[in-house]
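1. predicted structure and sequence below. I'll ask about it afterward.
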There are 2 protein chains.
Amino acid sequence: MKTGDQELVKKINKSIVLQTIQASSPISRAQISKESGLNKATVSGLVSELMEEDFVLEIGTGLSSGGRKPVMLYFNQTAGYAIGIDLGVNYILAVLTDLQGQVVEKMEEPLEETSPGVVLPLLKNIINTLMQRQPSSPYGVVGIGVGVPGITDNNGSILFAPNLNWEQVNVKQDLEQYFKLPVVIENEAKAGAHGENIHGAGRRSSDFVYISLGIGIGTGIIIDNKLYKGARGMSGEMGHVTIDANGKKCRCGNKGCWELYSSESTLLEQAAKLPSMEGKELNLDELIQEADSGNGEVLSLFSRIGEYAGIGLTNVVNTFNPEQIIIGNRLSKIQRWLENPVHHVLEQRLFPPFYEGLDVSFSQFGIESCALGSAAFSVEAFFSENKVTVT
Amino acid sequence: MKTGDQELVKKINKSIVLQTIQASSPISRAQISKESGLNKATVSGLVSELMEEDFVLEIGTGLSSGGRKPVMLYFNQTAGYAIGIDLGVNYILAVLTDLQGQVVEKMEEPLEETSPGVVLPLLKNIINTLMQRQPSSPYGVVGIGVGVPGITDNNGSILFAPNLNWEQVNVKQDLEQYFKLPVVIENEAKAGAHGENIHGAGRRSSDFVYISLGIGIGTGIIIDNKLYKGARGMSGEMGHVTIDANGKKCRCGNKGCWELYSSESTLLEQAAKLPSMEGKELNLDELIQEADSGNGEVLSLFSRIGEYAGIGLTNVVNTFNPEQIIIGNRLSKIQRWLENPVHHVLEQRLFPPFYEGLDVSFSQFGIESCALGSAAFSVEAFFSENKVTVT
DNA sequence: TGTAAGTTTGTTTTAACGATAAACAAAGTA
DNA sequence: TACTTTGTTTATCGTTAAAACAAACTTACA
C-alpha cells in the first residue's frame, strides 16, 4: 500500500511544473505559478532543481507587460534520446527520438524471414546504428521500446505472435543484457495508442480507442490518459470480436471475427479474386495505384472493407463511448476510400447520442505511431526513475 | 490541475487507516502501523481524529503476545446509513444500508405504470418510509443512490430510458430538493458493477465486467477498482454490440444486437411461441417452474439463451481480458441452466490464454447488486466530503 | 528628457503542517 | 527482575505557502 509523504507531494508538483513547461514553453516562472496554482516560491525551487538536472533551460527574456521582464524557460528536449521500434510482420521501422518525441533519425529495413534467429540480430544491428548516430547529450539514450504484433506479458515476453510465428520469446531480457539499457516490450496496437495519446491525434482526448488496421486488427484502449492493459496484459483483442455469430471460423477459435472482414489480409485475399487484378502483383501499394487510376472493382472492394470497419467500430463505440476513435497502421494509407463508408455505417447504426460529438480520426503519423509510442514508453520510464512523471 | 500538498498527504493516509480498519477489524494501532507502513505516531493521530468523527470505536483489549495488551479498533459501520434504489422496469427495490453496506431495511413495490408522474411520487414515499425506519445514529442518512435502466449524464439526468419510456428526466434535482440530501443517479448496470466490486463477487478483482442480463443487456466496466464511465457517461452499452452483422434490426439503429438474442425480453418472446406454453402465464418465474418440472422445450430455450450469452461474453473477454465476469440481474435466477452452455461456448470460442484463469461468476446478491451499489455510491460521496476516501 | 509612481518577476524569510524517529510511559508476560 | 509490546510525547525534517522584499521594467506627466 502506497502511503502519502512529502516525497510524493514533491514528485507530484515537480511533474506538474515540468509538464507545464513542456506544454507551454517558452514560459516564465510566474506564469507557471498562475497556471498550476502552485506558489511562486515553490515553482522557483522546483525549476532550479530541474535546471540542475538538465531538463530545463533558461533562454533569454520575454516581453514585459508593464514590469520586470520574465525569464523564459524551455524544456530541454535534447537532454536525452530514446529508441522506438515497430517490429512489423514484413519490416522493421526504427526511430531515434528526443525526449519530446521528435524524430531525429529513422531507419526502415524489410524483413524477408521472421524467425527469431534472423530478426533479433538484425534488430540489434539497427539499434546499434541508431546509437552511433545519436547527438551528444547529458543523458544519452535512456531506453529502448519495442512494439510487436502479438500478445505480450508483463515480463516483456512475447507469448504469441501468430504472424511472426513466434511463441515465448523473451525479447526484453535479450536486449537488456546486450545493450545494458531499460527495454519496454508492448503490443503494437497498445504502443500505437500511446503514441497517438502523447504526441498525435489523441493529444486532446483522455478517453479514446486506437484501431490498428494492419495484417490483422488490434486495438489500444486509452482510459483517463492511461493505457488499459487488462488482467494479463492481453486486452484489446477486438479484432476477434464476433460480428457474425455463425460466420467463418477464425484460427483464434472463434467464428465470424471482425478481422476476417476488414484487414489487410482480407483485402489482399479478396483482391486476388478480382478479374481485373489477374496477373498483377498483389500488395497494398499496388491496389492503391489501381484505385487511383479508377479501377472500379478495387474501389468497391475498398468500400466494402470500409463498411465492415464501420460495423466493428460501432461495437467499439457502444462498448466504450469514447471521445475519439483513431484509425492507424497500414490501412490508414487508404483513408481517402475508407472515410466515407465508415462514417456512413456509423451514422446509420449508432444511437444518435453516441454518434454526436464522436471524432473519427486517422493517425497523424500513419505507420509511425507504434515506433513513436514505444519510444515514449522509454522516455516515461526514464522520467519516472528521476522522480518526475510526465504524461 | 490538482497540486500536491499536506492536505493531500493526510487524506491519503487517513483513508489508508480507515480502510485497514474496515478490512481487518478488530485491529490495534500497532498492527495498522505494521500493515500500512505508516509510523505508529501517525496512526495514533489519525485514529483519534477518526474516533472524534465517530467513524471508529475502541472496544476492549485484545490478546497480548508478550507485552502490553492492544486496544482493539472497529469500524463504526452504524455511524450513518445510506439509501439505495433499484428502479426496475416493473418494480422498485429499495434498501437502507449501514456504512459497510449491510442491509438494515428492505422494501419492494411492483410498478404497474412507468410514467414519471406515477413513479416519482411512489419513489418519494418509499424513501420516506425507509428514512423513518432508520435507527438513530450520529450522521443519519447520508445520501440516496438510484440505479436506473437507461442512459444518464453527469448531471443526474436520465437522458433516455427506453423501457420506462422516459426522456430527459432530472431525478437528481427533484430528489435533492425534496430530501435535502445528496443524490447519485447512475445506470443500473454500472451501479450493479460497483455493488459487486465493493461488497460482492468482485471484491477480489480489480478488473472485471458485470453483465446485467435483464429486460435488456447492460454492462458495467470496472478497471483498476474504478467504474469506467466513458466520455459522456454512456459506456457499457454492450447489449448493442452486433453479433450478427446482417441480423434483425434493433430500435437502437444497429442490426443483430446481442440483447436481441439473449435477454429476458427475448426469452419471453420466444417462450410465447412454444406449443407447451400455450395458454399459460408468461413470466420468468413461471418459466422457471416449467423448467423445474422438466419441460424440455423450456429447457432447450434456456440453453439457447445461454449459448448466445456465451457468444456475447466471448466478445467481452476479447475486448477487456478481465480477471472476472459477473453475471447479474434477473436472468441470474436461471444460473443453473445458463452456466453449462455459457462455459461451453466460452471454452470453444476463446483463445486458450483468455479462457485459462478466467472466472465466470454469478452475482452474489442476485437482483440486489444495483440497489447495494447505488447505496455505496452515496457512502463514498459522504466519506469523500469528510476528507476520507474509501474504496 | 527626466523622474516619480506603479507593476511584474523572482527570491528570501518565516510560519504552518504533517510524517518520522527516538525516547518514554504504561501494561503486560516469563 | 528482565524483557516485550503498545501507544504517546517530543524533537526534527522536508515541503508548501504567505508575506516581505529587491530588481527590473513601463507609464504618466511635467
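-> Now that the structure is in, tell me what you want to look at. Numbers count the residues shown, from 1 in each chain, chains lettered A, B, ... in the order given.

2. drop to CA atoms for contacts and neighbour counts, all remaining ones
-> OK.

3. can you pull out the strands in the stretch 251-391 of chain A?
-> A:324-328, A:359-362 (DSSP state E, counting those that start in this stretch).

4. and the first one, does that touch chain B?
-> The one in question is strand A:324-328. No - judged by Cα under 8 Å from any Cα of the partner chain, strand A:324-328 stays clear of chain B, getting no closer than 8.8 Å.

5. extract the C-alpha set from that strand and format it as CSV.
-> Below are the C-alpha coordinates for strand A:324-328, written out as CSV (Å, rounded to 0.1, in the frame of the first residue of the first chain):
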residue,chain,number,x,y,z
GLN,A,324,-12.5,9.8,-30.2
ILE,A,325,-11.5,6.9,-32.4
ILE,A,326,-8.2,6.9,-34.2
ILE,A,327,-7.6,4.6,-37.1
GLY,A,328,-3.9,3.7,-37.7
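
6. spit out the contact partners of A:Ser36.
-> A:16-17, A:20, B:1, B:3 (Cα atoms under 8 Å, 6 or more residues apart in numbering or on different chains).

7. tell me which of the strands of the stretch 251-391 of chain A sits most buried.
-> Mean neighbours per residue, mean count of other Cα atoms under 10 Å in any protein chain shown, is largest over the strands of the stretch 251-391 of chain A for strand A:324-328, with a mean of 26.

8. what's the separation between A:Phe110 and A:Val171?
-> Careful, residue A:110 is Pro and not Phe. Distance check for A:Pro110 against A:Val171: by Cα to Cα, to the nearest Å, it reads 19 Å.

9. between those two, tell me which one has more neighbours.
-> When A:Pro110 and A:Val171 are compared for neighbours, A:Val171 comes out ahead with 18 against 11, by other Cα atoms under 10 Å in any protein chain shown.

10. about what we covered before: buried subset of the contacts of A:Ser36 as a PyMOL selection?
-> A single PyMOL command is used to select the members of the contacts of A:Ser36 judged buried by 16 or more other Cα atoms under 10 Å in any protein chain shown:
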select buried, (chain A and resi 16+17+20) or (chain B and resi 3)
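
11. circling back: using JSON lines, please lay out the strands of the stretch 251-391 of chain A together with mean pLDDT.
-> Output for those, formatted as JSON lines (pLDDT from 0 to 100):
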{"stretch": "strand A:324-328", "mean pLDDT": "97"}
{"stretch": "strand A:359-362", "mean pLDDT": "96"}
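
12. need phi/psi at A:Tyr273.
-> No, residue A:273 isn't Tyr; it's Lys. Taking degrees, to the nearest 10, you get phi -90, psi -10 for the backbone angles of A:Lys273.

13. what's the neighbour count on it?
-> When neighbours are counted by other Cα under 10 Å, A:Lys273 comes out with 10.

14. same question, A:Ala79
-> Residues near A:Ala79, counting by other Cα under 10 Å, number 21.

15. that one touches A:Gly140, doesn't it?
-> Yes - using Cα atoms under 8 Å, A:Ala79 is in contact with A:Gly140, at 7.4 Å.

16. which one of the strands of the stretch 251-391 of chain A lies closest to DNA strand D?
-> strand A:324-328 (33.9 Å; Cα to the nearest atom of the strand).

17. picking that back up, and the contacts of A:Ser36, which is the shakiest by pLDDT?
-> Lowest pLDDT among the contacts of A:Ser36: B:Met1, with 77.

18. now do the SS call for it.
-> At B:Met1 the chain is in coil, as set by DSSP: H, G, I helix; E, B strand; the rest coil.

19. what's near enough to touch it?
-> A:36-37.

20. over to the one 3 residues further on?
-> Listed by Cα under 8 Å, 6+ apart, the contact partners of B:Gly4 are A:8-10, A:12-13.

21. and the pLDDT at A:Thr389?
-> For A:Thr389, the model assigns a pLDDT of 73.

22. apologies, that question was intended for A:Gly279.
-> Looking at A:Gly279, its pLDDT is 88.

23. how many neighbouring residues does the residue of the stretch 251-391 of chain A found nearest DNA strand C have?
-> In the stretch 251-391 of chain A, the residue that lies nearest DNA strand C is A:Lys387 (17.6 Å; Cα to the nearest atom of the strand). When counting by other Cα under 10 Å, one arrives at 15 neighbours for A:Lys387.

24. what bridges to A:Val95?
-> Applying DSSP bridges to A:Val95 gives these bridge partners: A:Gly84, A:Lys106.

25. all helices of the stretch 101-250 of chain A, in order?
-> Per DSSP state H, counting those that start in this stretch, the stretch 101-250 of chain A carries helices over the ranges A:116-133, A:171-179, A:188-199.

26. about what we covered before: farthest pair in the contacts of B:Gly4?
-> Greatest spatial distance among the contacts of B:Gly4 (Cα to Cα): A:Leu8 and A:Asn13, at 8.7 Å.

27. specify which residue of these two has the higher count of neighbours.
-> Taking other Cα under 10 Å, A:Leu8 and A:Asn13 do not tie; A:Asn13 has more neighbours (23 against 17).

28. out of the helices of the stretch 101-250 of chain A, flag the one nearest DNA strand C.
-> Nearest of those (Cα to the nearest atom of the strand): helix A:188-199, 27.3 Å.

29. please name the nearest non-neighbouring residue to the closest residue to DNA strand D within the stretch 251-391 of chain A.
-> Nearest residue of the stretch 251-391 of chain A to DNA strand D (Cα to the nearest atom of the strand) works out as A:Lys387 at 10.3 Å. Nearest residue to A:Lys387, sequence neighbours excluded (Cα to Cα, 6 or more residues apart in numbering or on different chains): A:Lys11, at 5.8 Å.

30. near A:Met72, how many other residues are there?
-> Residues contacting A:Met72 under the criterion other Cα under 10 Å number 20.

31. hmm, A:Ile32 and it touching each other?
-> No - between A:Met72 and A:Ile32 there is no contact under Cα under 8 Å: 10.7 Å.

32. for the contacts of B:Gly4, which one is nearest chain B?
-> Chain B lies nearest to A:Val9 out of the contacts of B:Gly4, by Cα to the nearest Cα, at 4.6 Å.

33. next, that closest one: secondary structure please.
-> Following three-state DSSP, A:Val9 is assigned to helix.

34. look up how far B:Lys69 lies from the closest residue to it other than its chain neighbours.
-> Among residues not flanking A:Val9 along the chain, B:Gly4 sits closest, at 4.6 Å (Cα to Cα, 6+ apart). Per Cα to Cα, B:Gly4 is found 38 Å from B:Lys69.

35. and stretch A:177-193, which residues are buried?
-> Residues of stretch A:177-193 classed as buried by neighbour count (16+ other Cα under 10 Å): A:182-193.

36. how about the closest residue to A:Arg330 other than its chain neighbours, phi and psi?
-> Using Cα to Cα, 6+ apart and skipping residues adjacent in sequence, the residue nearest A:Arg330 is A:Gly214, 5.0 Å away. Per-residue torsions, A:Gly214: phi -130, psi -140 (degrees, to the nearest 10).

37. up against DNA strand D, what does the stretch 201-350 of chain A have?
-> By Cα under 7 Å from any atom of the strand, no residue of the stretch 201-350 of chain A approaches DNA strand D.

38. ok, the residue of the stretch 201-350 of chain A found nearest DNA strand D - how many residues close by?
-> Using Cα to the nearest atom of the strand, A:Asn225 is the residue of the stretch 201-350 of chain A that sits closest to DNA strand D, at 23.3 Å. Per other Cα under 10 Å, the neighbour tally for A:Asn225 reads 18.

39. that one: what's it in contact with?
-> Neighbour list for A:Asn225: A:197, A:205-207, A:391 [criterion: Cα under 8 Å, 6+ apart].
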